[in-house]
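> sharing a model that was predicted from the sequence below.
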Amino acid sequence: MPLSLPPMKPAWAYRPGPDVAPEAPAGLRRAQQLAKAGAQAGLAAVAPGVTESAVEAAIHDYLRAHGAEGIWTITNVGLGENTKVCFPTQGPGAQAAAARDVLMVDVHPIVHEGFWGDCTRCRVIGDYPEATAALRDLENIHRDTLALCRPGMPASELFGLSQERLGREGFILLDLLGNIGHSLTAGAAYTHGFIDAGNDTPMWGAWAIEPFAQRGDVAVKVEDVVWFGRERCEIL
């Protein structure tokens, strides 16, 4: 049974700016650890013939067993052509994994302190060299993008650096809103906008960085949350 979306949005009192907390709140760390572990549980559940809905159930069973209070938006699960759309309007369905396929999961738990997690992971199923290479290369781009993060940098600057690298390595950005991520607080996402070409907002506090791109016929996505603290950035 799917986890419910709580009706209340808990408060997270902090001012995004140079006086933001130096370290990420403990509740945010716990939420992101749960998101990452839940994503891995979904990847472990897939095999040829397993449906998107079955993967979603495995993720929700894990989250429930490890103390999640709910989810703040749907759990995205995509197989086959469904990996090419990752949006809250497209939930998991009856699509089953092929012998040669890609699974994408995007997980959004809420912990009891009110903090939100956000993590996307992919897994290549079977002998699929093009997908293996695409996922490896996107993960490398993602890793290098995270290394470029610095406190207070404009969101548009990080987008530009990532987008240039994606294009150079043959990827086309798939995000329907044309971004590689968004701000994240306890009880709200997108408050400070998206990581896109038009958002010059300085990045402080928590931001989810999630390049979603296609090369050839393969779509892949990876996501982590970064804390933009006073003096340094930390991948949670």
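Okay, I see it.
> quick one: the strands in this protein?
With DSSP state E, the ranges of strands along the chain come out as 70-71, 76-79, 101-107, 109-110, 119-125, 172-173, 181-185, 188-194, 205-209, 212-215, 218-221, 224-228, 233-235.
> for these, give me a markdown table that also has mean neighbour count.
(C-beta placed from N, C-alpha, C; glycine too.) Output for the strands of the chain, formatted as a markdown table (neighbours: other Cβ atoms under 10 Å):
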| stretch | mean neighbour count |
| --- | --- |
| strand 70-71 | 20 |
| strand 76-79 | 25 |
| strand 101-107 | 26 |
| strand 109-110 | 29 |
| strand 119-125 | 22 |
| strand 172-173 | 14 |
| strand 181-185 | 24 |
| strand 188-194 | 17 |
| strand 205-209 | 26 |
| strand 212-215 | 22 |
| strand 218-221 | 25 |
| strand 224-228 | 23 |
| strand 233-235 | 15 |
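> wait, which of those strands is closest to P16?
Set against P16 and scored by Cβ to Cβ, those come closest in strand 205-209, at 5.0 Å.
> from the contact counts, what lies against that closest one?
Where contact means 3 or more Cβ pairs under 8 Å, 6 or more residues apart in numbering; DSSP states H and E, strand 205-209 is packed against helix 129-147, strand 181-185, strand 224-228.
> could the strands of the chain go into a markdown table alongside distance to T89?
Converted to a markdown table, those look like this (distance: least, Cβ to Cβ, whole Å):
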| stretch | distance to T89 |
| --- | --- |
| strand 70-71 | 15 |
| strand 76-79 | 10 |
| strand 101-107 | 13 |
| strand 109-110 | 20 |
| strand 119-125 | 17 |
| strand 172-173 | 19 |
| strand 181-185 | 16 |
| strand 188-194 | 16 |
| strand 205-209 | 19 |
| strand 212-215 | 15 |
| strand 218-221 | 16 |
| strand 224-228 | 23 |
| strand 233-235 | 29 |
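> please produce TSV containing those, extended by mean pLDDT and distance to G160.
Shown next, in TSV, are these (pLDDT from 0 to 100; distance: least, Cβ to Cβ, whole Å):
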stretch	mean pLDDT	distance to G160
strand 70-71	94	32
strand 76-79	98	26
strand 101-107	98	24
strand 109-110	96	31
strand 119-125	98	21
strand 172-173	98	12
strand 181-185	95	13
strand 188-194	92	13
strand 205-209	97	14
strand 212-215	98	15
strand 218-221	98	19
strand 224-228	97	17
strand 233-235	97	17
